[in-house]
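**Student:** turn this into a structure:
(chains A and B)
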Number of protein chains: 2
Amino acid sequence: MPEFRKDPIVDRWVIIATERAKRPVYGSSGEVSDPRECPFCAGNEAMTPPEVLVFRDEGDLPSLGKWTVRVVPNKYPAVVPDGRGIQIVDELYAAQDGIGAHEVIIESPSHVTDMALLGDKQIAAILRVYVERIADLRGDPRLRYVLIYKNQGFEAGATLEHVHSQLVALPMIPNRVLEEIGAAKNYYESKGRCLLCDVIRKESDGRERFVIENDRFIVICPFAPRFPYETWILPKKHASSFERDSQPDNTDLARILRETLRRLSRLGNPPFNYVFHSNPLDQDENDYYHWHIEVLPKLIQVGGFEWGSGFYLNTVTPEQSARLLREASP
Amino acid sequence: MPEFRKDPIVDRWVIIATERAKRPVYGSSGEVSDPRECPFCAGNEAMTPPEVLVFRDEGDLPSLGKWTVRVVPNKYPAVVPDGRGIQIVDELYAAQDGIGAHEVIIESPSHVTDMALLGDKQIAAILRVYVERIADLRGDPRLRYVLIYKNQGFEAGATLEHVHSQLVALPMIPNRVLEEIGAAKNYYESKGRCLLCDVIRKESDGRERFVIENDRFIVICPFAPRFPYETWILPKKHASSFERDSQPDNTDLARILRETLRRLSRLGNPPFNYVFHSNPLDQDENDYYHWHIEVLPKLIQVGGFEWGSGFYLNTVTPEQSARLLREASP
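**Tutor:** Residues are numbered from 1 along each chain as shown, chains lettered A, B, ... in the order given. All right, here's what the predicted structure looks like:
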């Protein structure tokens, strides 16, 4: 049973999930794994736990290997649906059962290893899967937040190379999200405007950190990026939660996400993470919190300076990153 | 000129230091570099900037290659001594020149790549170097914090394998340290005791997370560790700052640090960081903040879950880590 433990000093939960030590690792040396042994490839469905959700092309019967996107519980979960809830260990330490859901979104039946190689339609389907899973998990009153993220490449934390993303539903709001909400609220209270709406207005004007845009979304390099080529994808029209803001076809978001990843891919195909920053499940749409996606390439290592300070050392300015990404037109 | 930039949303500074992109990288594949080309080896002193501090054996003349520990400015600094100070960019963004000091402590004249292989006397000399550098930097009224850390191994952020640690002196207190101080103050105000003194009392009793101890120090695996085999080295007697608490010979700390690293080395010699958590330069000794060293092995990758949540996913319990470290007697 995984367990949440709270650091007694700083406001930081860790999840101790010993089962995850048994995960297969495809290796740091970048070798390509054998698709016949890949648990995410079509035909190998029996190698994963039974699916939670599956998308098929219209007219395809539910037969083995005929699917476009598949969601399965993580075989080595960080959190699990069953447990007893909070258990305070003593006055110094707090712990609780690792209740939640940890799912893997298998993004293609084929052994593709770079999301940038998927088509717009496929990426739109993946986004629809995210929305449907959040809608379903919202029904569990114990859950307060659904974190959607991708680890692509070993250095970004992936243990399997077949394109996939993950979803962790948690019984608490992550402190990173709480910090964002708190800061957004403060800004709104003092200025009467949404902070990220102001950022969008500024970056559309100045354009030195502007990357690309379409009707509904803008991609920028943030003013204080942690990593080279870090980008944020933001809806132009204010909205607090990704799932409520999503369109039936997700075309605009799919296109701009794919375009962003293709440009990143052209800059040396770095390992990367993306993370959806969206409103907690139990909070209403509001005027201060603005959902967005952060794309974090992993070209430099995080070391003692970052662990000790909470600060980051970056070697590329966002202005330079934005220029290179603008020029990296596929 | 490096630049500090503040994230407009969360309280996080990043340092943009484009010169650092030119650093040599000895590679992720673990190849051993040629000591003849190593800028940290005795005889190659001309390959580094002139030294800030050097220790020699008694009786050794200040000739080339005759030294035990050497401190030089980082050739690719995150921060530099000269600059103009604060410059607010606009009402949304804040930036300032990257003022400070970034130094490299070369821990041996020989091409040793694992600090655990150094002797107690050598490690005591390294600790004395830290103390002397902090004492010197304290004289610069612009500086508020000196962060001492080590990156050993490529995965831990090292770009050179020759044993070394680093020191970054900053004009602001890092937010990780501010969080610790705030939490320690809160605990002290509500209980009348130091939080880490309570942790030490508890872990000496319970012993399931206890690793080793000597007269002045105790090593434990923390209750909520971010990483497998994470350990904290704590002075048993309350003190807020490492440098004021240090003994003239540093024998007890050198011994327990070496012993900790030797035990870690026996568990597969993982890449690791260590970070000194100590009182800011401009704050007095007090009853609530307890200095300590955190040793963070890098056996698992940090991914989207950690970036998005601020939480950590660990696969080994601290009780298991402590047992393995207790049994890994050199």
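
**Student:** so where do the helices sit in chain A?
**Tutor:** Assigned helices in chain A, in chain order: A:120-137, A:175-191, A:195-206, A:242-245, A:251-266, A:304-309, A:318-327 (criterion: DSSP state H).

**Student:** so for the last one, what's the average pLDDT?
**Tutor:** What helix A:318-327 shows for mean pLDDT is 96.

**Student:** and if you look at the shortest one?
**Tutor:** Average pLDDT, helix A:242-245: 96.

**Student:** quick one, which of the helices of chain A is nearest to residue B:159?
**Tutor:** When the helices of chain A are compared for distance to residue B:159 using Cβ to Cβ, the nearest one is helix A:304-309, at 12.7 Å. Where C-beta positions appear, they are placed from N, C-alpha and C, glycine not excepted.

**Student:** could you list the low-pLDDT ranges of chain A?
**Tutor:** Residue ranges of chain A with pLDDT under 70: A:24-33, A:64, A:85-86, A:206.

**Student:** just to revisit the earlier point, what's the closest of the helices of chain A to residue B:143?
**Tutor:** For residue B:143, the closest of the helices of chain A is helix A:304-309, at 13.9 Å, according to Cβ to Cβ.

**Student:** can you name every helix or strand that the closest one contacts?
**Tutor:** Helices and strands touching helix A:304-309, as assessed by 3 or more Cβ pairs under 8 Å, 6 or more residues apart in numbering or on different chains; DSSP states H and E, comprise strand A:312-314, strand B:145-152, strand B:164-170, helix B:175-191, strand B:272-277, strand B:292-297.

**Student:** hmm, residue A:128 and residue A:53 touching each other?
**Tutor:** No. Because the distance of 10.0 Å does not satisfy Cβ atoms under 8 Å, residue A:53 is recorded as not touching residue A:128.

**Student:** export the helices and strands packed on helix A:304-309 to TSV and tack on mean neighbour count?
**Tutor:** Formatted as TSV, the entries for those read as follows, by neighbours: other Cβ atoms under 10 Å in any protein chain shown:
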stretch	mean neighbour count
strand A:312-314	24
strand B:145-152	26
strand B:164-170	24
helix B:175-191	16
strand B:272-277	25
strand B:292-297	24
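
**Student:** to residue A:36, which of these lies closest?
**Tutor:** Across those, residue A:36 has its closest neighbour in strand B:292-297 (34.4 Å, Cβ to Cβ).

**Student:** any residue of that closest one touching chain A?
**Tutor:** Yes. Where contact is defined by Cβ under 8 Å from any Cβ of the partner chain, part of strand B:292-297 touches chain A, namely B:294, B:296.

**Student:** which residues are in contact with residue A:181?
**Tutor:** Residue A:181 sits next to A:173, A:280, A:283, A:288, A:289 when contact means Cβ atoms under 8 Å, 6 or more residues apart in numbering or on different chains.

**Student:** one more time with 10 Å, if that's ok
**Tutor:** A:173, A:240, A:277, A:279, A:280, A:283, A:286, A:288, A:289, B:9 (Cβ atoms under 10 Å, 6 or more residues apart in numbering or on different chains).

**Student:** what's around the residue in the stretch 151-300 of chain A that chain B sits nearest to, how many residues?
**Tutor:** Proximity of the stretch 151-300 of chain A to chain B (Cβ to the nearest Cβ) peaks at residue A:157, 2.4 Å away. Burial measure for residue A:157: 23 neighbouring residues, criterion other Cβ atoms under 10 Å in any protein chain shown.

**Student:** for it, give me its contacts.
**Tutor:** The contact partners of residue A:157, by Cβ under 10 Å, 6+ apart, come to A:149-151, A:166, A:271, A:273, A:298, B:300-307, B:313.

**Student:** now residue A:141
**Tutor:** With contacts taken as Cβ under 10 Å, 6+ apart, residue A:141 has the following neighbours: A:171, A:281, A:282.

**Student:** tell me, which of those residues make contact with chain B?
**Tutor:** Near chain B, taking Cβ under 10 Å from any Cβ of the partner chain as the test, no member of these is found.

**Student:** could you dump the residues you listed to TSV with neighbour count?
**Tutor:** Listed next are these as TSV, based on neighbours: other Cβ under 10 Å:
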residue	neighbour count
A:171	20
A:281	20
A:282	11
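
**Student:** about what we covered before: between the helices and strands packed on helix A:304-309, which one is closest to residue A:218.
**Tutor:** strand A:312-314 (21.5 Å).

**Student:** just checking, what packs against the closest one?
**Tutor:** For strand A:312-314, the packing partners by 3 or more Cβ pairs under 10 Å, 6 or more residues apart in numbering or on different chains; DSSP states H and E come out as helix A:304-309, strand B:3-6, strand B:13-16.

**Student:** mind doing that once more with 8 Å?
**Tutor:** In this structure, strand A:312-314 packs against helix A:304-309, strand B:13-16, with contacts taken as 3+ Cβ pairs under 8 Å, 6+ apart.

**Student:** give the pairing partners of it; include direction for each.
**Tutor:** Using DSSP bridges, the strands paired with strand A:312-314 in its sheet are strand B:13-16 (parallel).

**Student:** could you list the domains of chain A?
**Tutor:** Using automatic domain parsing, the domain ranges for chain A come out as A:3-174, A:176-327.

**Student:** for the ones you listed, state which one has the densest average packing.
**Tutor:** domain A:176-327 (a mean of 20; mean count of other Cβ atoms under 10 Å in any protein chain shown).
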